[in-house]
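**Q** Dropping the sequence and predicted coords here.
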Amino acid sequence: MRDLHKSGKYAILLPVKVMTYTVAALAVLAFGTEAAASPHFDCTGQVVVVCGGIPQRFIMLREGESRKASFSFPYWLERPCEHPIKSGDIIRAAGEERKPTGAIRDECPDIDALVVTNLETVGHMDFPDAVETSAKAINGGEATYKFVKITGVVSSVMRDEMNAQWNWFALRTQSGDVYAAAPEAEHPLEELLSLTDAEIEIRGIVLVQTRWRKLQRLYVMPVGECGISLIKTVLPPSETPTIPAKHLVADEIIPLVADGSLIHRMKAIGKVIARNHRFCLLKSLDGQVFKAIAMQGETLPNGGECVSAVGFVSLDFIGVVLGDAVFTPCAATPKIVSGDTRPTSIEQLFRNAKNPRDTSSEIVRRRVSVVGTVANSQESIRTDKSVRIEHGGRYVVFDASAIPENALPDIKQGCTVRVSGVCNPEFEADPSIATFPRFVGFSIIPMSSDDIVVVKNQPWWTVARLMVLVLSLLGVLAIMSGVAVALKIMSDRRGRLLYEERAAHVRTDAKVEERTRLAVELHDAISQTLTGVALQVDSAERANGGANEATGRFLRSARQMLASCRRELQDCLWDLRTRTFEERDMTEAITRAIGPYTENVAASVRFNVPRERLSESTTHSMLCIVRELVANAIRHGKASHVWIAGECHDGQIMFSVRDNGCGFDAASAPGPREGHFGLHGVRERVNEAMGSMMIESRPGNGAKVLVRMKLKT
């Protein structure tokens with residue numbers, strides 16, 4: 001069985017039979033009778049579609065499973081195939097189910113992943129004949145998970161907003177629109193854009209979109225080399241049929257849209273009377289206003305230009321819309337009257353808009369002029385390219401998104417302005433796809449920067465500003481009084497803090513003196529006594545001279561125990577004499593604590609535990625544990641580098657000591673009986689702190705000790 005290698009593709013598989021052989025029989029022929037079974041899954045099927053992207057994935061249908069079940073569980077490839085697979089190939093895939101890692105985890109972080117580790121191409125077979133269907137059957141769910149074919153016109157091509165390896169487009173048919181998804185590797189975005197308005201046939205599988213999208217849940221995925229077949233090429237804009245002028249109103253266009261006779265692009269001639277960054281509004285020869293939304297990559301025409309717009313006809317809540325439109329200048333510019341600008345008020349706009357359908361035709365998508373006060377700041381105007389104008393408790397938005405920033409006049413908050421432009425109703429949702437879109441207000445779309453005029457700048461000495469000044473003076477007086485009181489309180493508090501600091505220094509000095517006295521007494525008494533005992537043991541060992549092997553073993557053990565006791569006593573003396581526990585930074589405290597042991601080795605310390613959250617006893621225990629573990633790593637492990645790290649969260653302190661020494665077997669490590677008290681002492685300190693300790697080490701691979709302790713403040 002060949003391993004996968006990197007190809008950047010994934011596949012979708014369906015169950016097949018080749019001649020008189022089943023898929024299982026083909027797998028036996030390809031793998032042999034003694035093929036090794038995968039620990040989790042071993043499946044065979046036919047490749048439906050091959051797509052680019054990393055991580056790679058495919059969908060496979062196991063024996064006895066439905067298409068619905070198979071499309072619910074994707075299989076992932078971490079490495080590419082040695083020989084690229086293609087649509088129609090029969091392959092066998094084997095792998096395991098495990099927690100996702102790397103790029104797979106980014107795609108499916110919450111579930112286990114079915115990861116393919118081995119793949120073999122078994123053969124190739126043509127796809128079965130597709131069943132002809134309609135948009136109504138697909139959108140109604142009757143064709144879900146079936147292999148179908150459908151004919152229509154390509155429109156609304158776009159890149160997938162969440163996965164750049166997929167492209168979406170709409171297929172316009174006489175019974176409605178159907179959405180389709182095609183892999184970028186097989187059908188690039190440029191190819192689909194070139195097919196806009198072309199009549200094609202799709203052969204593929206109807207699937208359910210399980211992730212959130214702005215598109216419908218049911219869609220068709222083309223399958224095989226003939227997944228998308230061209231039936232009729234795109235007509236050039238010059239040969240596109242023109243919409244009769246009388247049909248550029250909603251009542252006349254509704255029957256044509258309903259019977260599916262306008263599935264291809266249509267042409268309409270008009271003059272641009274308004275534009276923003278999303279669409280433009282054009283006025284036809286007969287004075288009808290319609291909206292044109294540019295095709296991806298197409299540039300909207302400038303205001304005042306007379307153009308021929310070629311696009312797909314649809315309806316929004318106001319009137320006719322040309323979607324995915326392409327614009328060309330008119331060779332012979334017809335005379336189209338833009339219409340006079342009608343002065344009105346913001347209150348009058350909303351008085352006529354109790355119901356958007358009943359809004360006066362003299363206002364909606366007609367040029368109006370309104371006067372109001374600028375409500376948003378100059379910075380907001382420059383950023384959002386919109387001016388909010390208020391009057392009488394109502395407001396409209398002046399949409400300046402199509403005006404260059406350097407051409408916008410200097411508008412300041414509070415000034416009075418007159419804005420002119422086409423009045424466009426705004427809805428909470430797209431009226432072309434929402435059944436009952438909620439009307440939210442009006443926007444004024446201009447022709448140029450000349451359509452916004454500052455009528456009156458806001459005077460400086462307004463009543464509001466005078467009131468603000470008086471209130472500010474009163475506020476300053478109140479603040480000064482408050483500052484005086486606060487200074488007195490701060491002075492008293494500072495005096496108490498100074499007194500407490502001095503008292504703490506006195507207590508610290510007393511502790512240091514007491515520790516020093518104890519260290520001297522221990523050194524003069526116990527340390528010298530242990531030294532004498534050690535000398536006596538050495539003398540006894542020399543006197544024995546190897547005559548009695550048992551006595552020699554006891555004496556050597558006693559010498560090791562005495563040496564360990566002397567080291568423990570030296571550590572205690574260092575604890576009593578050092579001021580490490582008074583350090584405010586735990587990284588510095590640990591660095592100083594291990595200093596005597598790391599003079600000739602490298603030490604890396606990163607201890608992200610605030611000292612103020614630790615009690616004296618906890619700090620003492622941690623420093624002793626870290627120091628003992630570092631000493632063991634250097635003395636016994638012969639380490640040349642130690643790493644110390646720590647952090648705290650959820651009421652616990654976690655810290656570790658890791659080295660690059662010779663390592664050891666934790667289960668058989670020497671203990672107190674052999675004269676080694678280091679790890680035993682560490683365990684006792686951890687147990688006293690209600691903590692836990694875990695040792696990871698193998699001979700020759702260094703050691704790591706992880707300690708968890710409850711945080712006691």
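**A** Right, received. Where do you want to start?
**Q** Tell me the first helix or strand C-terminal of the single longest helix found in the chain.
**A** As assigned by DSSP state H, the longest helix anywhere in the chain is helix 463-522. Under the assignment DSSP states H and E, the closest C-terminal helix or strand after helix 463-522 is helix 528-544.
**Q** helices or strands next to that next one in the packing?
**A** helix 549-577 (3 or more Cβ pairs under 8 Å, 6 or more residues apart in numbering; DSSP states H and E). All C-beta spots, glycine's among them, are computed from the backbone N, C-alpha and C.
**Q** thinking again about what came up before, can you give me how far the longest helix of the chain is from the chain middle?
**A** 45 Å (Cα atoms, centre = their mean, to the nearest Å).
**Q** Average pLDDT for it, rounded please.
**A** Confidence for helix 463-522, expressed as mean pLDDT, is 79.
**Q** Pull the residues that contact stretch 367-374.
**A** With contacts defined as Cβ atoms under 8 Å, 6 or more residues apart in numbering, stretch 367-374 is touched by 273, 338-346, 349, 381, 387-391, 395-396, 411-423, 444, 455.
**Q** now those: which count as buried?
**A** Buried by 16 or more other Cβ atoms under 10 Å: 273, 338, 344-346, 349, 381, 387-389, 391, 395-396, 411, 415-423, 444, out of the contacts of stretch 367-374.
**Q** Return stretch 140-159 as CSV; C-alpha atoms alone will do.
**A** As requested, the backbone C-alpha atoms of stretch 140-159 are provided in CSV (Å, rounded to 0.1, in the frame of the first residue of the first chain):
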residue,chain,number,x,y,z
GLY,A,140,-37.7,21.6,-2.4
GLY,A,141,-35.4,18.8,-1.3
GLU,A,142,-36.7,16.1,-3.6
ALA,A,143,-33.3,15.6,-5.3
THR,A,144,-31.0,15.8,-2.2
TYR,A,145,-28.0,13.4,-2.4
LYS,A,146,-29.0,12.3,-5.9
PHE,A,147,-26.9,12.4,-9.1
VAL,A,148,-28.8,14.9,-11.4
LYS,A,149,-28.4,17.1,-14.4
ILE,A,150,-29.9,20.5,-14.9
THR,A,151,-29.7,23.3,-17.5
GLY,A,152,-29.6,27.0,-16.9
VAL,A,153,-27.8,30.3,-17.2
VAL,A,154,-24.7,31.2,-15.1
SER,A,155,-25.0,34.3,-12.9
SER,A,156,-23.7,35.8,-9.6
VAL,A,157,-20.3,34.2,-9.6
MET,A,158,-18.3,34.7,-6.3
ARG,A,159,-15.5,33.3,-4.3
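**Q** buried set for that stretch?
**A** Buried residues in stretch 140-159, counted by 16+ other Cβ under 10 Å: 143-145, 147-158.
**Q** Could you do stretch 644-660 as well?
**A** Those would be 644, 646, 648, 653-660, for stretch 644-660 by 16+ other Cβ under 10 Å.
**Q** Go through the residues you listed and name the one with the lowest pLDDT.
**A** Lowest in pLDDT among the buried residues of stretch 644-660 is C648, which has 87.
**Q** Count the residues that sit near I479.
**A** Counted with other Cβ atoms under 10 Å, residues neighbouring I479 total 11.
**Q** any idea which of the buried residues of stretch 644-660 is closest to Q209?
**A** Closest approach to Q209 among the buried residues of stretch 644-660 (Cβ to Cβ): M654, at 43.3 Å.
**Q** can you confirm the closest one is in a helix?
**A** No - counting by DSSP: H, G, I helix; E, B strand; the rest coil, M654 falls outside a helix, being strand.
**Q** Relative to S481, how far out is it?
**A** For M654, the distance to S481 (Cβ to Cβ, to the nearest Å) stands at 51 Å.
**Q** ditto for H680
**A** Counting by Cβ to Cβ - H680 and S481 are separated by 66 Å.
**Q** so who does the nearest residue to R275 once chain neighbours are set aside touch?
**A** Excluding the flanking residues, the one nearest R275 by Cβ to Cβ, 6 or more residues apart in numbering is A402, at 4.9 Å. A402 is in contact with 275-277, 300, 303, 445-446, counting by Cβ under 8 Å, 6+ apart.
**Q** Now, the buried ones among the contacts of stretch 367-374 that are in strands?
**A** 273, 387-389, 391, 395-396, 416-423, 444 (DSSP state E).
**Q** Burial check on R556, number of neighbours?
**A** 13.
**Q** quick one, what contacts it?
**A** E541.
**Q** Report pLDDT for it.
**A** 73.
**Q** separation between it and D492?
**A** 68 Å.
**Q** likewise A703?
**A** 55 Å.
**Q** Which one's more surrounded, the two?
**A** Neighbour count, other Cβ under 10 Å: between A703 and D492, A703 has more, with 26 against 10.
**Q** Just list what the host helix or strand of D324 packs against, helices and strands only.
**A** Using DSSP H and E, D324 sits in strand 320-329. Counting contacts by 3+ Cβ pairs under 8 Å, 6+ apart, strand 320-329 is packed against strand 147-159, strand 289-294, strand 306-315.
**Q** so what are the domain limits for this structure?
**A** The record's domain parsing of the chain by automatic domain parsing lists 9-124, 131-232, 237-329, 342-456, 459-577, 583-710.
**Q** quick one on the thing from earlier: can you redo the contacts of A402 as CSV with neighbour count and distance to S194?
**A** Below are those laid out as CSV (neighbours: other Cβ atoms under 10 Å; distance: Cβ to Cβ, whole Å):
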residue, neighbour count, distance to S194
R275, 26, 26
N276, 20, 28
H277, 11, 25
L300, 20, 21
G303, 22, 30
I445, 25, 32
P446, 24, 35
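**Q** of those residues, closest to G88?
**A** Once Cβ to Cβ is applied, the member of the contacts of A402 that ends up nearest G88 is L300, at 43.9 Å.
**Q** give the contact list for R217.
**A** So R217 contacts 208-209 (Cβ under 8 Å, 6+ apart).
**Q** So it versus I138, what's the distance?
**A** 11 Å.
**Q** Check K99 too.
**A** 37 Å.
**Q** Could you list the low-pLDDT ranges of the stretch 151-300 of the chain?
**A** The model of the stretch 151-300 of the chain has pLDDT under 70 over residues 210-216, 258-260.
**Q** can you map out the strands along it?
**A** 166-173, 176-183, 199-208, 218-222, 228-232, 266-275, 279-283, 289-294 (DSSP state E, counting those that start in this stretch).
**Q** Tell me which of those approaches K246 most closely.
**A** strand 266-275 (12.0 Å).
**Q** what's the offset of that closest one from the middle of its chain?
**A** The mean C-alpha position of strand 266-275 is separated from the chain mean by 41 Å, Cα atoms, centre = their mean.
**Q** hang on, the earlier thing: quick one: the strands of the stretch 151-300 of the chain as CSV, columns for distance to A689 too.
**A** Supplementary listing: the strands of the stretch 151-300 of the chain in CSV, determined by distance: least, Cβ to Cβ, whole Å:
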stretch, distance to A689
strand 166-173, 55
strand 176-183, 58
strand 199-208, 55
strand 218-222, 60
strand 228-232, 69
strand 266-275, 72
strand 279-283, 69
strand 289-294, 68
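**Q** Which one of those lies nearest to P241?
**A** strand 266-275 (5.9 Å).
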